[in-house]
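> Could you look at this predicted model? Sequence included:
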Amino acid sequence: MTTIKGADAQSRITVYLDPDLEDIVPGFLENRRKDVDTITGCVEKNDLETIRILGHRMKGDGGGYGFESISAIGEVLEQAALRRDHATIRERTSELSSFLRRVDVVY
(Lines give C-alpha, C1' and ligand atoms only; values in the text may rest on other atoms or scores of the structure.)
Protein backbone atom coordinates (compact mmCIF):
# COMPACT_ATOMS: atom_id res chain seq x y z
CA MET A 1 0.00 0.00 0.00
CA THR A 2 1.21 3.50 -0.78
CA THR A 3 1.06 6.03 1.99
CA ILE A 4 0.53 9.53 0.63
CA LYS A 5 2.47 12.24 2.45
CA GLY A 6 3.66 15.79 1.93
CA ALA A 7 2.54 17.80 -1.08
CA ASP A 8 1.20 14.67 -2.77
CA ALA A 9 -1.31 14.30 0.04
CA GLN A 10 -3.18 17.33 -1.33
CA SER A 11 -3.47 16.19 -4.95
CA ARG A 12 -6.77 15.00 -6.38
CA ILE A 13 -7.35 11.30 -7.01
CA THR A 14 -9.47 10.34 -10.00
CA VAL A 15 -11.17 6.96 -10.01
CA TYR A 16 -12.91 5.80 -13.19
CA LEU A 17 -15.91 3.56 -12.57
CA ASP A 18 -18.58 1.78 -14.55
CA PRO A 19 -21.62 4.04 -15.03
CA ASP A 20 -23.79 1.24 -13.59
CA LEU A 21 -22.33 2.09 -10.16
CA GLU A 22 -23.32 5.77 -10.28
CA ASP A 23 -26.39 5.32 -8.07
CA ILE A 24 -24.62 3.40 -5.30
CA VAL A 25 -21.10 4.81 -5.08
CA PRO A 26 -22.03 8.12 -3.37
CA GLY A 27 -23.68 6.18 -0.54
CA PHE A 28 -20.69 3.85 -0.29
CA LEU A 29 -18.30 6.79 0.03
CA GLU A 30 -20.55 8.53 2.56
CA ASN A 31 -20.57 5.38 4.67
CA ARG A 32 -16.76 5.32 4.60
CA ARG A 33 -16.77 8.93 5.85
CA LYS A 34 -18.96 7.78 8.73
CA ASP A 35 -16.52 4.91 9.32
CA VAL A 36 -13.72 7.45 9.80
CA ASP A 37 -15.72 9.08 12.60
CA THR A 38 -16.63 5.71 14.10
CA ILE A 39 -13.04 4.48 14.06
CA THR A 40 -11.80 7.70 15.63
CA GLY A 41 -14.29 7.25 18.48
CA CYS A 42 -13.42 3.57 18.82
CA VAL A 43 -9.71 4.37 19.20
CA GLU A 44 -10.57 6.68 22.09
CA LYS A 45 -12.69 3.94 23.70
CA ASN A 46 -10.20 1.17 22.86
CA ASP A 47 -12.97 -0.64 20.93
CA LEU A 48 -10.65 -2.61 18.68
CA GLU A 49 -13.26 -5.21 17.76
CA THR A 50 -15.44 -2.64 16.00
CA ILE A 51 -12.36 -1.33 14.17
CA ARG A 52 -11.48 -4.88 13.13
CA ILE A 53 -14.99 -5.46 11.78
CA LEU A 54 -15.05 -2.16 9.87
CA GLY A 55 -11.62 -2.87 8.41
CA HIS A 56 -12.72 -6.34 7.35
CA ARG A 57 -15.81 -4.92 5.62
CA MET A 58 -13.78 -2.25 3.84
CA LYS A 59 -11.29 -4.88 2.70
CA GLY A 60 -14.11 -6.91 1.19
CA ASP A 61 -16.26 -4.12 -0.22
CA GLY A 62 -13.76 -1.57 -1.53
CA GLY A 63 -12.60 -3.46 -4.58
CA GLY A 64 -16.16 -4.44 -5.52
CA TYR A 65 -16.98 -0.77 -5.81
CA GLY A 66 -13.77 -0.01 -7.68
CA PHE A 67 -11.80 1.39 -4.75
CA GLU A 68 -8.79 -0.87 -4.27
CA SER A 69 -7.22 1.78 -2.01
CA ILE A 70 -10.11 1.42 0.44
CA SER A 71 -9.70 -2.35 0.41
CA ALA A 72 -5.99 -2.01 1.15
CA ILE A 73 -6.61 0.45 4.00
CA GLY A 74 -9.31 -1.83 5.39
CA GLU A 75 -6.95 -4.80 5.41
CA VAL A 76 -4.33 -2.85 7.34
CA LEU A 77 -6.96 -1.58 9.80
CA GLU A 78 -8.21 -5.11 10.41
CA GLN A 79 -4.71 -6.44 11.08
CA ALA A 80 -3.75 -3.42 13.21
CA ALA A 81 -6.82 -3.92 15.38
CA LEU A 82 -5.86 -7.55 15.93
CA ARG A 83 -2.33 -6.45 16.92
CA ARG A 84 -3.71 -3.64 19.12
CA ASP A 85 -1.59 -1.22 17.06
CA HIS A 86 -3.21 2.15 17.78
CA ALA A 87 -0.58 4.14 15.88
CA THR A 88 -1.21 2.26 12.63
CA ILE A 89 -4.97 2.56 13.12
CA ARG A 90 -4.65 6.34 13.49
CA GLU A 91 -2.35 6.60 10.45
CA ARG A 92 -4.58 4.55 8.17
CA THR A 93 -7.73 6.31 9.38
CA SER A 94 -6.08 9.60 8.49
CA GLU A 95 -5.10 8.15 5.11
CA LEU A 96 -8.69 7.03 4.50
CA SER A 97 -10.01 10.46 5.44
CA SER A 98 -7.54 12.12 3.10
CA PHE A 99 -8.47 9.76 0.26
CA LEU A 100 -12.17 10.48 0.74
CA ARG A 101 -11.60 14.25 0.68
CA ARG A 102 -9.54 14.07 -2.50
CA VAL A 103 -11.27 11.43 -4.60
CA ASP A 104 -13.11 12.43 -7.76
CA VAL A 105 -15.25 9.73 -9.34
CA VAL A 106 -15.77 9.67 -13.09
CA TYR A 107 -18.39 7.34 -14.54
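Nice, I can see it.
> Look up phi and psi at V105.
Torsion angles at V105 (phi, psi; degrees, to the nearest 10) stand at phi -100, psi 130.
> residues in contact with the nearest residue to it once chain neighbours are set aside?
Nearest residue to V105, sequence neighbours excluded (CB to CB, 6 or more residues apart in numbering): V15, at 5.4 Å. (Each C-beta comes from the backbone N, C-alpha and C, glycine too.) By CB atoms under 8 Å, 6 or more residues apart in numbering, V15 lies in contact with 66-67, 103-106.
> Repeat that for R92.
Residues near R92 by CB under 8 Å, 6+ apart: 73, 76-77, 80.
> Going by distance to D35, which of those wins?
Of all those, D35 sits closest to L77, with 9.2 Å by CB to CB.
> nearest residue to that closest one other than its sequence neighbours?
Of all residues not flanking L77 in the chain, G55 sits nearest, at 3.1 Å (CB to CB, 6+ apart).
> For the one you found, give me its contacts.
G55 is in contact with 73-81, counting by CB under 8 Å, 6+ apart.
> and if we set it to 10 Å?
35, 39, 73-82, 89, 92-93, 96 (CB atoms under 10 Å, 6 or more residues apart in numbering).
> ok, now R90?
39-40, 43, 80.
> Reformat the residues you listed into TSV and put pLDDT and secondary structure next to each item.
Compiled in TSV, the contacts of R90 are given as follows (pLDDT from 0 to 100; DSSP: H, G, I helix; E, B strand; the rest coil):
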residue	pLDDT	secondary structure
I39	98	helix
T40	98	helix
V43	97	helix
A80	98	helix
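> Identify the farthest-apart pair in those residues.
Taking CB to CB, no two of the contacts of R90 sit farther apart than T40 and A80, at 14.0 Å.
> Do you have the helices of the protein handy? List them.
Here the chain has its helices, by DSSP state H, at 25-45, 48-61, 68-83, 86-102.
> would you turn these into TSV with distance to P19?
Shown next, in TSV, are the helices of the chain (distance: least, CB to CB, whole Å):
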stretch	distance to P19
helix 25-45	10
helix 48-61	19
helix 68-83	19
helix 86-102	21
